[in-house]
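Asker: the amino acid sequence is not available; the structure is as follows:
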Ligand SMILES: Nc1nc2c(ncn2[C@@H]2O[C@H](COP(=O)(O)OP(=O)(O)OP(=O)(O)O)[C@@H](O)[C@H]2O)c(=O)[nH]1
Ligand SMILES: [Mg+2]
């Protein structure tokens, strides 16, 4: 089954291109299956026209990033975007969610949905949509939210996964927390799952694991694209029965989003390192899985600086009998996890440590909370890699911080008039805050 990727705003355009680049580079994996999911092959019309074409729609309100993205893709020499797969205007949304959502959205709905429809018609069977955007600007976040609602209305039976880039905490955009709150609260109604990457975390991966000195968005996007590739490339959803996952977005969402109140997904991958370090490293499944499990329970999204003091309570003991350190160092409680293993000797990997009930909220039986995908095909240059996509408390902290900061600004009505001007009322803001408070409360309760 194929998926259509909808890339919106600067962040979505740049990261989306990095994703197709990563998928097109993964030459070792099952080419036809992977290829078919995200590319189609047009009838060759002329020189350069025979390259695989990404199943993508690009949308931005400025033409600059679109034209750069299109030409960078063609320059790869391995794939390209369709000649008429993009929509752009002359002026961006000025980091204003309301401008994207209330103005550009309705105005350009027909043109954008027309592009989407044409891409959908090229899919023999549609798995669903992967939309990619940052939550801090105006176009990706505002227009992206609007387009997601249109997708939901037009394709009620298709899966929609929104990949969202979370801004740096220190922030380049003064109203980023407003935009993030408005995006999440609205997407919570129309999307099937929100997979969030935090720029701060990925920046740390680039500096501490990849040893990059001057970190650019290109570096950050490569890391995120690698993580996404790990979940989107083909794998067996049931190794013992040799069942092959045919619906990349549906399989993922059905494993992880089992309750409409919980749609926030985060992910961690191991190993991630520079090419130089990789040459001198060997990996074993027990070591990889031990580290990945600790990353999950201590909520460290990278291998460096894992806090090994965070432990799970010993099962069977009443809370009072537990060593006090267990209660002090809060661990990350999960609702559901998807573990994805790629590489040599994958059949020997012992995954039982991810199946323990204490990892999961009490009302979710571990047997249905954990899904495992695996394949002996290595992914890109890593001979073995392990990834966990998690529906857990791991995003509580960035979410709580953004909502608190946005609320503080809203209390003094800072910048609110600029949103009202474009059609968002104070009431809408309040509704969004209420939705987010509810989401935060639900995730907090997982740990009780
Ligand atoms: N990871 C990543 N983040 C990006 C990239 N480009 C921008 N961002 C982040 O995205 C946010 C800014 O949003 P943009 O995507 O530039 O905004 P936009 O959607 O184009 O909206 P307008 O420019 O307001 O029309 C900031 O938080 C940036 O950190 C990128 O290539 N990769
Ligand atoms: Mg922009």
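Answerer: Looks like it came in fine. Predicted, not measured: the structure shown is a model, and the values here were computed from it. Ligands and ions are numbered 1, 2, ... in the order given.

Asker: does anything pack onto the lengthiest helix in the chain? Which helices or strands?
Answerer: For the chain, the longest helix by residue count, based on DSSP state H, is helix 426-445. Packing partners of helix 426-445 (3 or more Cβ pairs under 8 Å, 6 or more residues apart in numbering; DSSP states H and E): helix 176-190, helix 396-411, helix 416-420. Every C-beta, even on glycine, is put in place using the N, C-alpha and C of the backbone.

Asker: contacts for it, please.
Answerer: Contact with helix 426-445 is made by 178, 181-182, 184-186, 188, 261-262, 264, 392-393, 395-396, 399-400, 403, 406-407, 410, 416, 419-420, as judged by Cβ atoms under 8 Å, 6 or more residues apart in numbering.

Asker: in the stretch 151-300 of the chain, which spans are helices?
Answerer: Counting by DSSP state H, counting those that start in this stretch, the stretch 151-300 of the chain has these helices, from start to end: 176-190, 199-204, 217-232, 248-256, 275-279, 285-298.

Asker: what comes up buried for the longest one?
Answerer: If I follow you right, that is helix 217-232. Buried residues in helix 217-232, counted by 16 or more other Cβ atoms under 10 Å: 219-232.

Asker: where does the nearest residue to residue 138 once chain neighbours are set aside land in three-state SS?
Answerer: Once flanking residues are discounted, residue 138 sits nearest to residue 93: 2.8 Å by Cβ to Cβ, 6 or more residues apart in numbering. Of the three states, residue 93 takes coil under DSSP: H, G, I helix; E, B strand; the rest coil.

Asker: my guess is residue 93 meets residue 107, correct?
Answerer: No: using Cβ atoms under 8 Å, residue 93 makes no contact with residue 107, being 11.4 Å away.

Asker: neighbour count winner among these two?
Answerer: residue 93 (27 against 12; other Cβ atoms under 10 Å).

Asker: so what pLDDT did that one get?
Answerer: With respect to pLDDT, residue 93 scores 92.

Asker: any idea how far it is from residue 425?
Answerer: 19 Å (Cβ to Cβ, to the nearest Å).

Asker: how about residue 39?
Answerer: 43 Å.

Asker: neighbour count for the two, which is higher?
Answerer: The neighbour count for residue 39 versus residue 425, taken as other Cβ under 10 Å, is higher for residue 39 (21 against 12).

Asker: now that one: closest residue in space, sequence neighbours ignored.
Answerer: Nearest to residue 39 is residue 52, by Cβ to Cβ, 6+ apart, at 3.8 Å.

Asker: ok, residue 70 - contacts?
Answerer: Here residue 70 is in contact with 58, 80-81, 86 (Cβ under 8 Å, 6+ apart).

Asker: try it again at 10 Å.
Answerer: Applying Cβ atoms under 10 Å, 6 or more residues apart in numbering, one finds that residue 70 lies in contact with 13, 17, 58, 80-83, 85-86.

Asker: make a PyMOL selection of the buried ones in the residues you listed.
Answerer: Burial among the contacts of residue 70 is assessed by 16+ other Cβ under 10 Å; the matching PyMOL selection reads:
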select buried, resi 13+17+58+80+81+82+85+86
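
Asker: which one of the contacts of residue 70 is nearest to ligand 1?
Answerer: Using Cβ to the nearest ligand atom, residue 13 is the member of these that lies nearest ligand 1, at 7.8 Å.

Asker: helix or strand for that closest one, which one?
Answerer: Assigned by DSSP states H and E, residue 13 falls within helix 9-25.

Asker: and that helix with helix 217-232, angle?
Answerer: Per axes from the mean of the first three to the mean of the last three Cα atoms, to 10 degrees, the angle that helix 9-25 makes with helix 217-232 is 60 degrees.

Asker: and helix 9-25, is it in reach of ligand 2?
Answerer: Yes: residues of helix 9-25 contacting ligand 2 under Cβ under 5 Å from the ion: residue 10.
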